[in-house]
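> I'd like to go over a predicted model; first the sequence, then the structure.
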Amino acid sequence: MDANVREFLAEAEEILDRMADDLAELEGAQDGAEPDPEVVNSIFRGAHSLKGIAAMCGFGHITELSHKMEALLDGIRMGRVSVDRDVMDLLYGGLDLLKELCGRLAKGDPPEDPAVEDFVQRLVRAAEDEGRGEEGVLSSLGFPEDVVQVLTEYEVHRIEATLKNPSRTLVWVRVGFPFETFDTDLERLNEVLRPLGEIISTLPTPGAGAEERMDFQILFGLKEPVEALRSAVEAFGAEVEVLRPAPAVQREVPAPARPREPAEARPSRESEAPASTPLRSLSGSIRVDLAKLDRLMNLVGELVLARSHIQLVSSRLRERLGLAGDVLELSKAQKTLSRKLAELQQAVMDVRMVPLGQLFSKLQRVVHQILRGSDKEVDLEIQGADTELDKLIIEDLSDPLIHVIRNAVDHGIEPPQVREAKGKPRRGRIRIAAHQRGNHVVIEVEDDGAGINRERVRAKAVERGFIDPDAELDDRELLDLLFVPGFSTKDEPTEVSGRGVGMDVLRKNIARLSGMIELDSREGEGTRVTVVLPITLAIIQALLIRAGTMRFAVPLSSVLETVSVEPGQVASLEGRPVLRLRENTLPLVRLDRLFGVPEQGGNGWKYAVVVGVAEKRAAFAVDELVSQQDVVIKGLGTRLEAVRGIAGATDLGDQRPILVLDVAALVEEVFAHA
């Protein structure tokens, strides 16, 4: 791929993701509510920026489409176009079409689509000026002509919108700051003002001490009581004046000066900016291709293996020659290497970590797309969007979560009339929440819909031959039928779901990420899907254990504690071994028997490794607790990737591969047969 194209796609992806987040926020302004001007302006700037970089690269359809979206957004920001469902459909449709064009470009195809021309015409028709007829409002406020000329068309529109809104008050905030600090002082004042309303315009104005201070008049749309504003700006020495239209009498309002040449605002020639524009980057960041980060992490992984080998050799020399001379120097160098390598590993991991908000914004678009052809009404709530996860895990998590959202809308949320008949709010609710728990991230998707009808699930399972008519299943086993390939409770498939794919794919994909999925539902109240994932799969800390004649690595993030098993702690419950630990009884898994490893003396084990994923706990019976160290997980290849309970293999530097346990899969297997 050409370097310019790659750079364009990186820039475009960032712009489109930001526009998607803002569109989701703008969607809450439907049904006649005034849209947040900051959000509209942000989307407008995104379309404008995309138009500019696409034009420079010669991508005609992307340029044209983003230009017409910009025109429609300008109509919204100027109050000529109201934000309703049809307009939101157009904006989302334009965003999807832009993403499709960029996707074609990424594949090496021309970024063109015949549908663009028809869609552009729809945008043009929606952006037609409806007219406002609000001329003279500035005169009614007592603004002199030179003030009117200073204000932009957009600022005039925001003044009019503020006057129309009964919950807003138009005010002047007058303040002055010393020349030496006016820029930072003004920014501090703006930070205080922003939560209280909208800063419409900031105008410099001459004051009594013009040689020593800089005076400003801030035109402000206040959404809080005036007294709250006066209290907030009192520390700055600012004055507040309320503005109201007065058609019969014009008040004398101090006229803010027209912006002058920049040189007139400078206190002295010594502070003048250099004539040439600095070439330093304004953002302190660069874009890095994900493949490069992956290669970097692989290199760090190889260094971890090399460090383990050096550590092994150092230990052997110390045992044979003692800790003196060159052996002592080697030991010191090995410790320094370990410390610096740990810092490098953490630094690379920090670069790979990204907030889940990037994924959640895509789910917002999915909900909107599903609702386009539906009579359902759904609000999407997002919590914990700043929770971070490995970028590579997020990439593989996208499709499974989309399946969950589709099922929640199609199977879970009822139509508005049905909800009202049940005494529920007309609009359904889907909540996506994420939080970190130790070295795992927990993601919950919960809806307040109809829940899962157990009888219907059972009837469908019998009808399709998944279970016998007289089979006795507990609640967990009944819900687990939803994860069987080909199972669906829908009589007829829809465009959204019902073809028997999705939940089984979800479980397989989550298991491949060493994660775990749980399903909980209350009929008539809603369903919750909980996904638990490790923060990263690249380099992990592991507990090395021996079971029988084989060594295994257990990810330390899943280890709760290790215990030496005393006589009487092991018992049998319903024919299955359990470990009594304090006040708890845990399922006990003998790893040597589970994997068919020959036992090695005695009862084959002396210790128990207590592991946990989400709220589930289990114990692994092992012979020996060997050591704890960082390991790099390597895949087992296509033939062995489906082996249950094994996440991969690692090499500790002694050329002896060790299998890494998939704790989530093992715990799930234990409880599935408990």
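Ah, there it is.

> On the three-state scheme, A647 is what?
Here A647 is strand, with the state taken from DSSP: H, G, I helix; E, B strand; the rest coil.

> List the contacts of it.
Applying C-beta atoms under 8 Å, 6 or more residues apart in numbering to A647 gives the contacts 514, 537, 555, 633, 660-662, 665. All C-beta spots, glycine's among them, are computed from the backbone N, C-alpha and C.

> Where does pLDDT dip in the stretch 501-650 of the chain?
Counting by pLDDT under 70, the stretch 501-650 of the chain shows low-confidence ranges at 501-502, 537-538, 601-604, 614-615, 638-639, 641-642.

> all strands of it, in order?
Secondary structure of the stretch 501-650 of the chain (DSSP state E, counting those that start in this stretch): strands at 516-522, 526-534, 539-547, 550-555, 559-564, 570-573, 576-581, 584-590, 607-613, 616-622, 624-632, 646-651.

> Nearest approach to I76 belongs to which of those strands?
Closest of the strands of the stretch 501-650 of the chain to I76 is strand 526-534, at 34.8 Å (criterion: C-beta to C-beta).

> so what strands line up beside the closest one?
Strand 526-534 pairs in its sheet with strand 440-447 (antiparallel), strand 516-522 (antiparallel), by DSSP bridges.

> Would you mind finding the most buried of those?
Mean neighbour count, computed with mean count of other C-beta atoms under 10 Å, is highest for strand 440-447 among the strands paired with strand 526-534, reaching a mean of 22.

> And the first helix or strand past it going along the chain, what's buried?
Using DSSP states H and E, the helix or strand that follows strand 440-447 towards the C-terminus is helix 454-463. Neighbour-count burial for helix 454-463, counted by 16 or more other C-beta atoms under 10 Å, picks out 457-458, 460-461.

> Stretch 622-629 too?
For stretch 622-629, burial by neighbour count (16+ other C-beta under 10 Å) applies to 622-623, 625-626, 629.

> again with stretch 568-581
Buried-residue list, stretch 568-581, by 16+ other C-beta under 10 Å: 570, 578-581.

> thinking again about what came up before, out of the strands of the stretch 501-650 of the chain, nearest to A127?
Of all the strands of the stretch 501-650 of the chain, it is strand 526-534 that lies closest to A127, at 40.3 Å by C-beta to C-beta.

> what sits up against the closest one?
389, 393, 397, 400-401, 404, 408, 412, 437, 439-452, 510, 513-521, 540, 555, 557, 613-614, 664.

> Tell me which two of the buried residues of stretch 622-629 sit farthest apart.
D623 and Q629 (18.6 Å).

> then stretch 61-73 to PDB, C-alphas only?
Provided in PDB are the C-alpha atoms of stretch 61-73 (Å, rounded to 0.1, in the frame of the first residue of the first chain):
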ATOM      1  CA  HIS A  61     -16.300  10.400  -4.000                       C
ATOM      2  CA  ILE A  62     -15.000  10.800  -0.500                       C
ATOM      3  CA  THR A  63     -14.400  14.500  -1.100                       C
ATOM      4  CA  GLU A  64     -17.900  15.000  -2.500                       C
ATOM      5  CA  LEU A  65     -19.700  13.000   0.200                       C
ATOM      6  CA  SER A  66     -17.900  14.600   3.100                       C
ATOM      7  CA  HIS A  67     -18.500  18.100   1.500                       C
ATOM      8  CA  LYS A  68     -22.300  17.500   1.300                       C
ATOM      9  CA  MET A  69     -22.400  16.100   4.800                       C
ATOM     10  CA  GLU A  70     -20.500  19.300   5.900                       C
ATOM     11  CA  ALA A  71     -23.300  21.400   4.200                       C
ATOM     12  CA  LEU A  72     -26.000  19.500   6.000                       C
ATOM     13  CA  LEU A  73     -24.200  19.900   9.400                       C
END
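
> what comes into contact with that stretch?
The contact list for stretch 61-73 (C-beta under 8 Å, 6+ apart) reads 12, 40, 43-44, 47-48, 50-51, 54-55, 81, 87, 90-91, 94, 97-98, 101-102, 111-113, 116, 119-120, 123-124, 126-127.
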